[in-house]
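# The sequence and its predicted three-dimensional model are supplied below.
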Amino acid sequence: MKYHQIDRDLFIKNRKKFMAEMKPKSVAIFNSNDIYPVSADSTLPFAQHRDIFYLSGVDQEESILLLFPDAPYEHQREMLFLKETSEHIAIWEGEKLTKESAFKVSGIKTVYWLQEFEKILFEMMTHSDTIYINTNEHYRATVETETREARFVKWWKEKYPAHAVAKSNPILQRLRSVKESEEIDLIQNACNITEKGFRRLLSFVEPNVMEYEIEAELIHEFVRNRSKGFAYTPIIASGNNANVLHYIENNQQCKPGDLILLDVAAEYGNYSSDMTRMIPVSGKFTDRQAEVYNAVLRVKNEATKMLTPGTLWKQYHIEVGKIMTSELLGLGLLDKADVQNENPEWPAYKKYFMHGTSHHMGLDTHDYGILTEPMQANMVFTVEPGIYIPAEGFGIRLEDNLVVQESGEPFNLMRNIPIEIDEIESLMNS
């Protein structure tokens, strides 16, 4: 790992919160992600399953966490199972966690090697009635690959068919959506690294630069600041490419007079940031570009004020839609007849702003959170309105990361990242 070791007290707190929600005489199991093959002996870089990381801090493949609050003996209530390290592994792959280092990372005292898992699980099953399985129930999830977690669930059901089954995901959806102060600090660090990358670009971008050259500048700055890299696949979309919401080719030349939409951000310690900014290739916005830009900025600022405890997700987006409609009327993109005759299921503003305004963020860029429940303090959201005008050759989106406060407006984790036109133009031309 590149990041500084995270204080294990965070993971101790997270486990306590989870176990407090478990049923009597129940066991919960969490598995690491697989290392996925490419071809021959090539693999993709390892990315840890966020749930086992959230509960243990273990950032290593082939790891298992077992929680059993009602275990007969105290040392059985939290157990880690790790791939046994060796001199051969140390030479070829680097050192893995030892039992001692796993305790320092997680605060879990009982650590076994993986080969002992089935025997110990059998003993725990004789004392338990229910097992929590960790299925992916995120509202955006589409999983086509059989995961290590899924293989475990299949194996467990055949081995222990008499036990009741419970789901860990509903518990984690609530717990992970409300951040501890340490988590907010980690997200802030990711935002600070993102800021450094963005500021680097302001003196780099010029006419005829390639989108992938911009990507290279960002990854350089991110990695040199202890990030693994991008929190998600970067979008560097010049000109009309900005009207493709998930444009990721990043292979076009940035032409004079165009805008570049940058939906790019760093991760830090497995925590995400999520930023969108606009840069004028030639260092100055045209009057029309600035007019649309400032309309989007006003929508973002007004939407931000609504991120307060008790706000309902559905109503929030309805209110943002009203603000956006007003701005689109002012820009001449909609007229009163468009609004009067709109389909309530797809309001008129959706022609130019077709995606959502906000999502939870944290360990995942689109993090856990139950959208039918009111917002709470210490939830972290994006705010990212946009206006997309293919007929005019550009689209604009602006995005910050906000922490909901107990009262008042949310705290902007991206408050130091330039967003006003004057500041961006000044920095690009200084």
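Yep, it's here.

# Please make it C-alpha for all contacts and neighbour counts, starting now.
Fine.

# What segments of the chain are helices?
9-20, 50-56, 87-92, 99-106, 117-125, 148-159, 169-177, 181-202, 211-223, 287-305, 313-330, 336-340, 421-428 (DSSP state H).

# So what touches the third one?
When you say that, I think you mean helix 87-92. Helix 87-92 is contacted from outside by Glu95, Lys96, using C-alpha atoms under 8 Å, 6 or more residues apart in numbering.

# What of the fourth one?
Contacts of helix 99-106 with the rest of the structure, by C-alpha under 8 Å, 6+ apart, involve 5-9, 11-12, 56-58, 108-109, 111-112.

# Please, a ChimeraX command that selects the buried ones among those residues?
Buried members of these, defined by 16 or more other C-alpha atoms under 10 Å, are picked up in ChimeraX with:
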select :6,8,11,12,56,57,58,108,109,111,112
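
# which of the contacts of helix 99-106 lies closest to Asp41?
Asp41 lies nearest to Val58 out of the contacts of helix 99-106, by C-alpha to C-alpha, at 25.1 Å.

# low-confidence ranges in the stretch 101-250 of the chain?
By pLDDT under 70, the stretch 101-250 of the chain has no low-scoring segment.

# Count the residues that sit near Ile64.
Residues lying near Ile64 (other C-alpha atoms under 10 Å) number 24.

# Ala377 too?
17.

# What of Phe122?
Count around Phe122 with other C-alpha under 10 Å applied: 12.

# Also the one 5 residues further on?
A count of neighbours around His127, defined by other C-alpha under 10 Å, yields 15.

# what sits against it?
By C-alpha under 8 Å, 6+ apart, the contact set of His127 is Lys25, Ala71, Pro72.

# next one: Ala216
By C-alpha under 8 Å, 6+ apart, the contact list for Ala216 is empty.

# and it, how far is that from Phe204?
Ala216 sits 11 Å away from Phe204, going by C-alpha to C-alpha, to the nearest Å.

# From the opening residue of stretch 117-131 to its closing one, how far?
Criterion C-alpha to C-alpha; first-to-last residue distance in stretch 117-131 is 15 Å.

# these two touch, right, Asp335 and Leu329?
Yes - look at Asp335 against Leu329 with C-alpha atoms under 8 Å: they come within range, at 5.7 Å.

# tell me, how many neighbours does Val340 end up with?
Residue 340: Gln, not Val. 10.

# okay, it: pLDDT?
We have a pLDDT of 95 for Gln340.

# separation between it and Met324?
Counting by C-alpha to C-alpha, the gap from Gln340 to Met324 is 15 Å.

# go on, Met125?
55 Å.

# So those two - more neighbours on which side?
Per other C-alpha under 10 Å, whichever of Met125 and Met324 has more neighbours is Met324, with 26 against 16.

# what sits up against stretch 234-243?
Residues outside stretch 234-243 that contact it (C-alpha under 8 Å, 6+ apart) are 211-212, 214-215, 246-250, 252-255, 258-265, 388-390, 393-396.

# For stretch 91-105, measure first residue to last.
End to end - C-alpha to C-alpha - stretch 91-105 spans 22 Å.

# Tell me the buried residues in it?
For stretch 91-105, a neighbour-count test (16+ other C-alpha under 10 Å) marks Lys96, Leu97, Thr98, Lys99, Ala102, Phe103, Lys104, Val105 as buried.

# which among these gets closest to Tyr352?
Nearest to Tyr352 among those is Val105, at 47.3 Å by C-alpha to C-alpha.

# ok, the closest one to Lys167 distance?
Relative to Lys167, Val105 is positioned 26 Å away (C-alpha to C-alpha).

# again with Leu402
From Leu402 to Lys167 the distance is 30 Å (C-alpha to C-alpha).

# Kindly report the same for Glu249.
38 Å.

# neighbour-wise, which of Leu402 and Lys167 wins?
Neighbours were counted for Leu402 and for Lys167 using other C-alpha under 10 Å; Leu402 has more, 24 against 16.

# Pro37 and Leu44 touch, don't they?
Yes - assessed by C-alpha under 8 Å, Pro37 is found in contact with Leu44 at 6.2 Å.

# can you count the residues close to Pro309?
Around Pro309 there are 19 residues (other C-alpha under 10 Å).

# For Ala190, see how far away it is.
24 Å.

# now do Leu10
Leu10 is 17 Å from Ala190, by C-alpha to C-alpha.

# more neighbours, those two?
Taking other C-alpha under 10 Å, Leu10 and Ala190 do not tie; Ala190 has more neighbours (29 against 19).

# Contacts only, for that one.
By C-alpha under 8 Å, 6+ apart, Ala190 lies in contact with Ser227, Ala265, Ala266, Glu267, Tyr268, Tyr271, Ser272, Ser273.

# if we go to 7 Å?
Ala266, Glu267, Tyr268, Ser272, Ser273 (C-alpha atoms under 7 Å, 6 or more residues apart in numbering).

# Now, these that are in strands?
Counting by DSSP state E, those place Glu267, Tyr268, Ser272 in strands.

# ranking the contacts of Ala190 by neighbours, who comes first?
When neighbours are counted by other C-alpha under 10 Å, Ala266 leads these with 34 neighbours.

# what about that one, distance to Ser227?
7 Å.

# Ile35 too?
The gap separating Ile35 from Ser227 is 20 Å, by C-alpha to C-alpha.

# more crowded one of those two?
Between Ile35 and Ser227, Ser227 has the larger neighbour count (other C-alpha under 10 Å), namely 25 against 17.

# Angles on the backbone of that one, please.
The phi and psi values for Ser227, taken as degrees, to the nearest 10, are phi -90, psi 150.

# quick one: contacts for it?
Shown in contact with Ser227 (C-alpha under 7 Å, 6+ apart): Lys2, Tyr3, Ala266, Glu267, Tyr268.

# could I get the buried residues of stretch 91-105 as TSV with distance to Val292?
Putting the buried residues of stretch 91-105 into TSV (distance: C-alpha to C-alpha, whole Å) gives the following:
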residue	distance to Val292
Lys96	52
Leu97	52
Thr98	56
Lys99	57
Ala102	52
Phe103	53
Lys104	52
Val105	48
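
# Pick the one among these closest to Ile424.
Out of the buried residues of stretch 91-105, the member with the shortest distance to Ile424 (by C-alpha to C-alpha) is Val105, at 41.1 Å.
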